[in-house]
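Student: After the sequence you'll find the predicted model.
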Amino acid sequence: MKYGFYADVTPASFVSYGCLNMYLGHHGQGLRFVKLGLALMDKEDSRYAKAFNYTNIHGLGLHYRQPIEDVYQPLLDGYISGMRFGDTGYALLAANSSGVIKLMIGA
């Protein structure tokens, strides 16, 4: 934050770094960066990167520490936002992840 803030890129950077830490086994530190990215994204309303961020936050990051049922709706929101603003790649990844989660929870 010392060198600037760009609403569409900065939250995604924190989320990506947090997911990387989680995959390397540093779950506490990774979760901290994922939550920071989510808070920044919600604060700045970065709609254009919402599909990317929600796919990474809820599809790859937060399901380690929160109930899987809570992950479904944000992924659908990421899908809707991605289709609305042209990020079809991550929108479809969010839709796929939400479908898999629906199968996992038996709904």
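Tutor: Perfect, I can see it now. If you're wondering where the values come from, they're calculated on a predicted model, not measured in any experiment.
Student: how far out from the middle of the chain is stretch 20-28?
Tutor: The chain centroid and the centroid of stretch 20-28 are separated by 15 Å under C-alpha atoms, centre = their mean, to the nearest Å.
Student: Okay, buried residues for the host helix or strand of Lys35 please.
Tutor: Element membership for Lys35 (DSSP states H and E) is helix 27-44. Neighbour counts over helix 27-44 (16 or more other C-beta atoms under 10 Å) mark Gly30, Leu31, Phe33, Val34, Lys35, Leu36, Gly37, Leu38, Leu40, Met41 as buried. Every residue, glycine included, has its C-beta placed from N, CA and C.
Student: Quick check: mean pLDDT of that helix?
Tutor: The average pLDDT for helix 27-44 rounds to 86.
Student: Over to stretch 76-94?
Tutor: Per-residue pLDDT values over stretch 76-94 give a mean of 91.
Student: Between the two ends of it, how far is it?
Tutor: Start and end residues of stretch 76-94 are separated by 7 Å (C-alpha to C-alpha, to the nearest Å).
Student: Also stretch 55-62?
Tutor: With C-alpha to C-alpha as the measure, the ends of stretch 55-62 fall 10 Å from one another.
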